[in-house]
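1. next one to model:
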Amino acid sequence: MTSRMKNTRPHIALSLCSLLLMLPVSATSATPDEATITPWYEVSLVIFKHRNSPTGNERWPTPDTLNISFPHGILELEPALEPATTGDGKTGPVEQAAIPFRNSKPTDVGFQQALRSIQLSSNYEIMTSASWKQPALDKEQAIPVLIQAGDEFGGYFELEGSVTLTVSRYLHMKADLWLSEYIQQVEMIAPWWESTNTVADSFGGDFDPSEPSAAPAYQDIDFGSQPSYSETVTRYESVRTVVLNESRRMRSGELHYLDNPMFGLLVKVVPYEPSTTPASDAPESMMDATPISLR
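-> The predicted structure follows:
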């Protein structure tokens, strides 16, 4: 069994700066009154495992039969801003500027209540939660968001994949996630002095220790005094991988639940009104993008 599926490492090629420059802008001929600003959304989600999964009757494909990978152009969320410190040393809330794909605290009350319910339930184990703002992007321009959560095993995470919001007539949320179970494999590597080759083997025949000229160059080494150490190499092998690959059409303001018997995702997308003053580290073109007609 292979230790991991192929083609699963994310290639995060876009920085936030290059992302902003790639977003569409309105035609230069449009006047300020004629320009229509692209809608923005706040995306909030939580991914969790089922504590009591009925896996006994389920038959999952073996990891070596899966062909899972991260999509091209995947983007890792910018880290959340640290709480602001006032002059008296107290911390206060951070003003959330309209910077796309920055992890932040969700503002929607309905999602906050749903998240709290999951946190209090004994049936679920939360793996990760995130919230970010982004402009409405169509299928050709949509940007997948990297998901990595849970325990880490030799550079691989228990939960990996991506989520992508696309906008056309409706909102569409695509989840391409996989949850893996790993076992540890430890290999012992014998040191060089415990090699099975004998001194005679290294000379290609018999050798007479009574003749000094025949003695090997390392004849003064006392092999009996060498400690019997062995090196170990640890690797991890995925023994089961469960995939959640689903695309859901949704309206803004609706809570949607995507799941399988092992884990699930709760997501809500709500309209967001960015400040009319662009953030200092975002170009003005971000606030003046080509509109997408929504229903």
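2. where along the stretch 1-150 of the chain do the helices fall?
-> Assigned by DSSP state H, counting those that start in this stretch, the stretch 1-150 of the chain shows helices spanning 16-22, 109-120.
3. ignore the last one, the stretch 151-295 of the chain
-> All helices of the stretch 151-295 of the chain, identified by DSSP H, counting those that start in this stretch, fall at 199-203.
4. for residue 81, see how far away the closest residue in space to residue 39 that isn't next to it in sequence is.
-> Among residues not flanking residue 39 along the chain, residue 136 sits closest, at 4.6 Å (CB to CB, 6 or more residues apart in numbering). All C-beta spots, glycine's among them, are computed from the backbone N, C-alpha and C. If you measure residue 136 against residue 81 using CB to CB, to the nearest Å, the figure is 24 Å.
5. and those two? Which one has more around it.
-> Set residue 136 next to residue 81 and count neighbours by other CB atoms under 10 Å: residue 136 wins out with 22 against 16.
6. now the more buried one. Its backbone dihedrals?
-> Dihedral angles phi and psi of residue 136 (degrees, to the nearest 10) take the values phi -70, psi 120.
7. what's the distance between it and residue 166?
-> Taking CB to CB, one finds residue 136 at 9 Å from residue 166.
8. cool, residue 235 as well?
-> When distances are taken as CB to CB, residue 235 and residue 166 turn out to be 38 Å apart.
9. and those two? Which one has more around it.
-> residue 166 (19 against 14).
10. my read is that residue 174 contacts residue 161, right?
-> No. Contact between residue 174 and residue 161 fails when scored by CB atoms under 8 Å: they sit 10.3 Å apart.
11. more neighbours: which of the two?
-> Looking at residue 174 and residue 161 with other CB under 10 Å, you find the greater number of neighbours at residue 161, namely 28 against 18.
12. state the distance from that one to residue 68.
-> As defined by CB to CB, residue 161 lies at a distance of 8 Å from residue 68.
13. spit out the residues that contact the two alike.
-> Here residue 161 and residue 68 share the contacting residues 176, 178, scored by CB atoms under 8 Å, 6 or more residues apart in numbering.
14. please name the residues that touch residue 128.
-> Counting by CB under 8 Å, 6+ apart, residue 128 makes contact with 46, 47, 147, 149, 150, 159.
15. lowest-confidence stretch among the helices of the stretch 1-150 of the chain?
-> Mean pLDDT per stretch puts helix 16-22 lowest among those, at a mean of 51.
16. just give the nearest non-adjacent residue to residue 232, would you?
-> The spatially closest residue to residue 232, leaving aside those adjacent along the chain, is residue 186, at 5.4 Å (CB to CB, 6+ apart).
17. what is the burial count for the one you found?
-> Close neighbours of residue 186, defined as other CB under 10 Å, add up to 8.
18. and it, what's its pLDDT?
-> Value for residue 186, per-residue pLDDT: 81.
19. over to residue 248?
-> 96.
20. what's the answer for the one 4 residues further on, then?
-> Confidence at residue 252, expressed as pLDDT, is 94.
21. quick check: beta-bridge partners of residue 172?
-> When bridges are assigned using DSSP bridges, the partners listed for residue 172 are residue 166, residue 249.
22. revised request: answer the last question for residue 125.
-> Under DSSP bridges, the residues paired with residue 125 across the bridge are residue 49.
23. and what of the one 4 residues further on?
-> Beta-bridge pairing of residue 129 under DSSP bridges involves residue 46.
24. run a quick neighbour tally on it.
-> Under the neighbour criterion other CB under 10 Å, residue 129 is assigned a count of 18.
25. contacts only, for it.
-> With contact taken as CB under 8 Å, 6+ apart, residue 129 is in contact with 44, 45, 46, 47, 115.
26. quick check: PyMOL command selecting the buried ones in these.
-> A single PyMOL command is used to select the members of the contacts of residue 129 judged buried by 16 or more other CB atoms under 10 Å:
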select buried, resi 44+45+46+47+115
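27. including distance to residue 74, could the contacts of residue 129 go into CSV?
-> Shown next, in CSV, are the contacts of residue 129 (distance: CB to CB, whole Å):
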residue, distance to residue 74
44, 20
45, 16
46, 20
47, 16
115, 24
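28. of the contacts of residue 129, closest to residue 266?
-> When the contacts of residue 129 are compared for distance to residue 266 (CB to CB), residue 46 wins out at 5.1 Å.
29. hmm, residue 117 and that closest one touching each other?
-> No. Proximity of residue 46 to residue 117 does not meet the contact threshold set by CB under 8 Å, at 10.3 Å.
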